[in-house]
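**Q** next comes the sequence, and after it the predicted model I'd like to discuss.
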Amino acid sequence: MYLRGAHGENDSSVSISPHSSDVIAFDPDQLSATLLDRFAIPLDGLISAWDRALGRA
């Protein structure tokens, strides 16, 4: 689930503010596993779909 507030301080129930934090919420080396575990999105499928949407495929 994606949360977005109109203002940086308006993100309710978010423990780390994405607007003012230097903390990375996930390990970039684990991006593929994170996308699959949290959102059921396979990274290769996402990249393929993005490339098709941009006319690169």
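**A** Everything's here; your move.
**Q** make it CA atoms for all contacts and neighbour counts henceforth
**A** Will do.
**Q** tell me the helices in the chain, going along the chain?
**A** Taking DSSP state H as the test, the helices found in the chain are 31-39, 43-53.
**Q** and the angle from the first one to helix 43-53?
**A** If I follow you right, that is helix 31-39. Orientation note: helix 31-39 sits at an angle of 90 degrees relative to helix 43-53 (axes from the mean of the first three to the mean of the last three C-alpha atoms, to 10 degrees).
**Q** show me what counts as buried in helix 31-39.
**A** Within helix 31-39, the residues scored as buried using 16 or more other C-alpha atoms under 10 Å are 33-34.
**Q** how many residues are close by the residue lying closest to Asp51 once chain neighbours are set aside?
**A** Among residues not flanking Asp51 along the chain, Ala57 sits closest, at 5.6 Å (C-alpha to C-alpha, 6 or more residues apart in numbering). Applying other C-alpha atoms under 10 Å, we find 9 other residues in the vicinity of Ala57.
**Q** same question for Ser48.
**A** 13.
**Q** Leu43 too?
**A** Neighbours of Leu43 under the rule other C-alpha under 10 Å: 15.
**Q** quick check: the gap between the residue lying closest to it once chain neighbours are set aside and Gly55.
**A** Once flanking residues are discounted, Leu43 sits nearest to Ser32: 5.3 Å by C-alpha to C-alpha, 6+ apart. Separation of Ser32 from Gly55 (C-alpha to C-alpha, to the nearest Å): 23 Å.
**Q** over to Asp44?
**A** According to C-alpha to C-alpha, Asp44 stands 16 Å off from Gly55.
**Q** verify the stated contact: the residue nearest to Leu43 with Phe39.
**A** No - between Ser32 and Phe39 there is no contact under C-alpha atoms under 8 Å: 10.6 Å.
**Q** just give the number of residues close to Asp29.
**A** Residues near Asp29, counting by other C-alpha under 10 Å, number 8.
**Q** quick one: Ala57 from Ala33, how far?
**A** Separation of Ala57 from Ala33 (C-alpha to C-alpha): 24 Å.
**Q** Gly55 now?
**A** Counting by C-alpha to C-alpha - Gly55 and Ala33 are separated by 26 Å.
**Q** show me the shaky parts of the chain.
**A** 1-25 (pLDDT under 70).
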